[in-house]
Structure formats: C-alpha cells, structure tokens
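K.L.:
pasting the structure only:
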C-alpha cells in the first residue's frame, strides 16, 4: 500500500494543473542512461488502453527524485528510453485515467540489465458508491506533551469491478465511499507532505472520502491533533454496527491507555518508535482513555550522557550511525517550552539520507531554523532515552575526514569504525583503544572524554595499500613466538596465585583519572598491534609519540588522592633497556628482563 500512496501522490501533484488546481513546481527529469523501460496499459479484460497518461517516477540512491511522462499508443504500449540502469535507482510506474491515478509496478534494473517490461492495469470509473464500506480502523497515538497526534488508516471494501470516485463537482449529489466521525476537538487534519488526501472533505467533525477506491478495496491515511492536558483524555468514535477490525498503537513509554474490548498483543516499532498494540473487532462505538501525566518544562534536567558513533567507509560513502544517550533527571517527562528545543543536535555537513529514531519514546524532533541540525522537543521520559541518527556522506579520493561538534557537554564520545584490515585513522582528540569485535566484524575503537560544547572533534580515515605477504622465514619466526607466548601463558598459573584480600581497583571519578586509565589501555593495545603486525613502524611511532606526550602531560598535573595502586604507578621503565612497561607486567616486552 505504501507503493500505491507514493505513486498516487506523485501522479496527483503532476495532474493538479490539468484539473484546474494550482500546478506543483515541475520536478527534475529522470536520470539518463542506456536502459529502456517498456510497458503496456491494459483494461481488466486484457484489452489495450490507448491514449492514457503514463508516469515514470525515479528514486535514485544519491540524487533527487525525477519524473518523466508518456502516453500509451493504439496498442496500449509505451516506452521510456535512455534512462539510468543503476541497480540503486528504483522506478515507480503508473497511469492517470478518468481523473484517477493507478499505481503500476516497482522496478529496479539488475546488474547488466538494460531492458524491463511492465504492465499497468486501469479500471473504468463510477461515482456510485453502493457496496463500499469501512472494514478496518488503525490508530497510532503519539503524545507530544500538551497535544496528541493521531495517525489513522482506514481500510475500505469495494466489492465491485469499477473504481469508485466522485469528482469534486458532483459530490453534492453523490454519497461518499466512506464517512466517519472524528473525535471532538480534532484539528490540523492533513495527509502526506502536509496535503489533504485526495477525495477527502471535512465538515462538522465528520470526514467523507469520495475515493478513489479500487476494486477489491483501498486505504486512506491521514492525521490530526487533539488537545492533551494533564488528566484523563477520552477518545470516543462512532463505528459501523457491523464489527470491523480495530488496531490501536499507544506509545511504549506512556501515557497508559485503556482500550475496552481490545486485547493487548506483541509490541511493535514504527518509524523508529516503540508502541504497545491493542487490537480486536468492534462495532457500534470505540471508547479509549489515555492517562496524560504532567509535563515539566525544565531543560536543565536534560543532559547528554554519551555519544556513540558507528561508521563504515567504502569507496563511495561513509555510512554513519550515532546513538545520543540522553539522561533526564528528576520525576516525570520533560517537554520543550515556547518551541525552544530541550537539546540541539548539530548534523555533519554534506550528510544526506538522514533517518532518526527513538524506539523507547515518542519524542518529537524538529529541524533547527539555521538548517544546522535537529532540535529535541520532547517529551523525554525520566531516565535514559537513546536517540539514533543515521546519515550518509559521499567519500571522494584521498582520506575521508569527519568533523563533529555538539551543542551540549559530552562526558564520553566513543567511535567505532568497521575495520577492513587496512584502515589508518588519525585524530588529535580521540585516543585509540583496543579493537572491538563482534562474531562477524572487527571495529577500530577510539574515544574522547569531556568534550565541551562547540568543541570540534575530528578524525581522518585513510585506506592503506595491502601489505605484501611476509617472507617464509618471518612466518616461521612469528609461529615460534606465538607458541612460546602460549606456553608461557599456560605455565603462568603454576608460578603462584595472587594473595587473598588484595585491594580492589580504585574507582575513577574525575575526567583526568578516566583519561589516564584509557591511555594506559591504549598504550597496551598499541604495543600489541605493532608486535602482531597490524601496525607498520611509521604508524607505531606516530601514535606512540602522541600517546606518550599526553601521558607526560597528565602525569605533570597534580593527581587526585588515590590508593597506593593509583594511576600514577601504571607506568615504569625496564632497568635493562629502558622501555616503558605497565605496573601489572612481570617481564619486559622488548628484552624479556624480569621487572622489579
């Protein structure tokens, strides 16, 4: 049904001028190429339909949508030649006949394909709505603090063989395909792209749909708003006497919903938001009750606890996914006041294909006026909410660089980059940690502490050429080294056990302490990667110099009071070769001498 709605909306916008309505701005053309999309317009009995307007709607992966028009010939055939055959481009084909838009097919060329064939079926149109009836109602509720946004989908039956559609000039003398009562107080009725759906009229709190309803049935989607102040909000609807399918989606994070006559089932996620589902068959009347809590207007209760960036770079683009962990202190949900966002999230420049989600809440997001990012309006429930942001940034030749700034203080910024085995990452602010691994992927791990508002954190990713295979002698030496290390690890438990009652590791509370601990782990990871061949000598020296410089800087700062096993003792030098070692090491990693 989504395909039908997208194509029908495109057809409606293009045909508005022909129906005497203000025409929409002309969209771009279809991307050009070497492919041809042929087809035929046919009636239900298979006979050709001549002189029918045909529309090709293109959805490229990295370009704006485009449209091309044609007309079917005497044999019902049409062709769109010289179009792009990129498998990443999706085409929607449809027809416009007797004032009704008919979706056809969804097409994507496969690798090496240059021609495709489709068929678009049309029906004769009638303005007699006898036999059409409401068969189902689906309501999705989104609490926005002081108002409730209701999204509805009506399922309408049409047992006839013709499309039911009453043109605007004849609606006074013809019955609608379906008529339904809206809840008292419903306002701001609209559909996709903020437009009133085709064939819809609203009068005296009742919605009338004059089609088109295709043979077999159709769907109508729209949304409206209801005032939702603190207390019990009742939503009552008149339904046909004959029971119909009813499904209600209520926010998983509240407010709580009572739906007499309906049964709660498995929860679901729609557009990145989590919902409880209540469903069943009802006739006569639907009565819902929503327990609307009080909402606070306290932006000071909202803070970022962490930001995680997960990215993957290929030859064409950087695919990024960010998780912004938002913490709300105190009791009750928090809502923006006077349209001032609770939190601002700047987005990367050149980012496209933006997608947002927060599965645990119905938080409203709005674009910032300057176009730099999004604003979080709430409601945000007390505790933790994770807001997800996905984007795509084109990647050209040479190193790829990502710059991020945040409007709020970020205590911890973690970056995970999918490792292909030949990535080189450079950053002045992020420290390297031990790689993170999943069953099927390995990720380079970097992190930064205490990122201040407006501070730029950047990193550059460069793909290095693949290394040549190691000489046979080197392979033998590495195998021998690994075997020796394994034997040492197996024998180590026999050399003694730690004394009982050893003091536990101290808790690290300050930013400096956390960074010292992270740098200690990063140095260990660096040595491991160099010794196992994951880093060449140049990379090793560059990263080692950077980390040691930061260590020396931190060790010159007055450390906070700690136990005898505090962080200042995490580094020491070998008496034999002078190499720096961690406090827990028993032997030097370079010369093998026993450490004091």
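P.N.:
That came in fine, so what should we check first? This is a predicted model, so every value here is computed, not measured. Residues are numbered from 1 along each chain as shown.
K.L.:
show me the domain layout of the protein.
P.N.:
Residue ranges for each domain of the chain read 2-122, 133-292, 299-463, as given by automatic domain parsing.
K.L.:
where among the ones you listed is average confidence lowest?
P.N.:
Ranked by mean pLDDT, the domains of the chain bottom out at domain 2-122, with a mean of 82.
K.L.:
which residues does the closest residue to residue 166 other than its chain neighbours contact?
P.N.:
Sequence neighbours aside, residue 210 is the residue nearest to residue 166 in space, at 4.0 Å (criterion: C-beta to C-beta, 6 or more residues apart in numbering). Quick note: C-beta positions are derived from backbone N, CA and C, even for glycine. Residue 210 makes contact with 129, 165-166, 171, 174, 176-177, 199-201, according to C-beta atoms under 8 Å, 6 or more residues apart in numbering.
K.L.:
what strand or helix carries residue 543?
P.N.:
helix 537-556 (DSSP states H and E).
K.L.:
same question for residue 79.
P.N.:
strand 77-83.
K.L.:
give me the helices and strands touching the helix or strand following that strand, please.
P.N.:
Of the helices and strands lying after strand 77-83 in sequence (DSSP H and E), the nearest is strand 90-97. With contacts defined as 3 or more C-beta pairs under 8 Å, 6 or more residues apart in numbering; DSSP states H and E, strand 90-97 has these neighbours: helix 2-15, strand 32-42, strand 53-59, strand 100-107, strand 115-121.
K.L.:
that older thread, if we compare the domains of the chain, which one ends up closest to residue 542?
P.N.:
Residue 542 lies closest to domain 299-463 among the domains of the chain, at 8.0 Å (C-beta to C-beta).
K.L.:
from the chain's centroid, how far away is the closest one?
P.N.:
With C-alpha atoms, centre = their mean, to the nearest Å as the basis, domain 299-463 stands 12 Å off its chain's centre.
K.L.:
start to end distance for it?
P.N.:
43 Å (C-alpha to C-alpha, to the nearest Å).
K.L.:
then stretch 44-58?
P.N.:
End-to-end distance for stretch 44-58: 26 Å, by C-alpha to C-alpha.
K.L.:
so for it, what gets flagged as buried?
P.N.:
For stretch 44-58, a neighbour-count test (16 or more other C-beta atoms under 10 Å) marks 49, 52-58 as buried.
K.L.:
same check, this time on stretch 414-430
P.N.:
Per 16+ other C-beta under 10 Å, stretch 414-430 contains these buried residues: 414-419, 424-427, 429-430.
K.L.:
in the sheet, who's paired with the residue nearest to residue 187 when sequence neighbours are not counted?
P.N.:
Nearest residue to residue 187, sequence neighbours excluded (C-beta to C-beta, 6+ apart): residue 225, at 5.5 Å. For residue 225, the beta-bridge partners are residue 149, residue 187 (DSSP bridges).
K.L.:
count the neighbours of residue 225 for me.
P.N.:
For residue 225, the count of nearby residues is 17 (other C-beta atoms under 10 Å).
K.L.:
kindly report the same for the one 10 residues further on.
P.N.:
For residue 235, the number of neighbouring residues by other C-beta under 10 Å comes to 22.
K.L.:
name the helix or strand for it, please.
P.N.:
strand 231-238.
K.L.:
which other helices and strands contact that strand?
P.N.:
Other helices and strands packing on strand 231-238, by 3+ C-beta pairs under 8 Å, 6+ apart, are strand 178-181, strand 285-292.
K.L.:
okay, those in a markdown table with mean neighbour count next?
P.N.:
Shown next, in a markdown table, are these (neighbours: other C-beta atoms under 10 Å):
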| stretch | mean neighbour count |
| --- | --- |
| strand 178-181 | 18 |
| strand 285-292 | 17 |
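K.L.:
in TSV, list those along with distance to residue 463.
P.N.:
As requested, the helices and strands packed on strand 231-238 are exported to TSV (distance: least, C-beta to C-beta, whole Å):
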stretch	distance to residue 463
strand 178-181	58
strand 285-292	53
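K.L.:
pull the residues that contact stretch 441-451.
P.N.:
310, 406, 409-419, 423, 425, 427, 429-437, 457, 459, 511, 514-515, 518.
K.L.:
what about 6 Å?
P.N.:
Defining contact as C-beta atoms under 6 Å, 6 or more residues apart in numbering, one finds that stretch 441-451 is touched by 410, 413-419, 425, 429-433, 435-436, 457, 511, 514-515.
K.L.:
does residue 152 belong to a helix, a strand or coil?
P.N.:
Following DSSP: H, G, I helix; E, B strand; the rest coil, the label given to residue 152 is strand.
K.L.:
do me a favour and get the end-to-end distance for stretch 266-275?
P.N.:
9 Å.
K.L.:
now it: buried residues?
P.N.:
Quick answer for stretch 266-275 (16+ other C-beta under 10 Å): 273-275.
K.L.:
out of those, flag the one nearest to residue 375.
P.N.:
residue 273 (17.3 Å).
K.L.:
phi, psi for the closest one please.
P.N.:
phi -120, psi 140 (degrees, to the nearest 10).
K.L.:
from residue 335, how far out is it?
P.N.:
17 Å (C-beta to C-beta, to the nearest Å).
K.L.:
how about the helices in this structure?
P.N.:
2-15, 472-491, 511-531, 537-556 (DSSP state H).
K.L.:
looking at the ones you listed, which has the lowest confidence?
P.N.:
Least confident of the helices of the chain, judged by mean pLDDT, is helix 472-491 with a mean of 44.
K.L.:
burial count for residue 238?
P.N.:
12.
K.L.:
okay, the contacts of residue 210 in JSON lines with neighbour count and distance to residue 31 next?
P.N.:
Shown next, in JSON lines, are the contacts of residue 210 (neighbours: other C-beta atoms under 10 Å; distance: C-beta to C-beta, whole Å):
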{"residue": "129", "neighbour count": "23", "distance to residue 31": "41"}
{"residue": "165", "neighbour count": "23", "distance to residue 31": "33"}
{"residue": "166", "neighbour count": "25", "distance to residue 31": "38"}
{"residue": "171", "neighbour count": "15", "distance to residue 31": "40"}
{"residue": "174", "neighbour count": "16", "distance to residue 31": "42"}
{"residue": "176", "neighbour count": "21", "distance to residue 31": "40"}
{"residue": "177", "neighbour count": "27", "distance to residue 31": "38"}
{"residue": "199", "neighbour count": "23", "distance to residue 31": "32"}
{"residue": "200", "neighbour count": "18", "distance to residue 31": "34"}
{"residue": "201", "neighbour count": "14", "distance to residue 31": "38"}
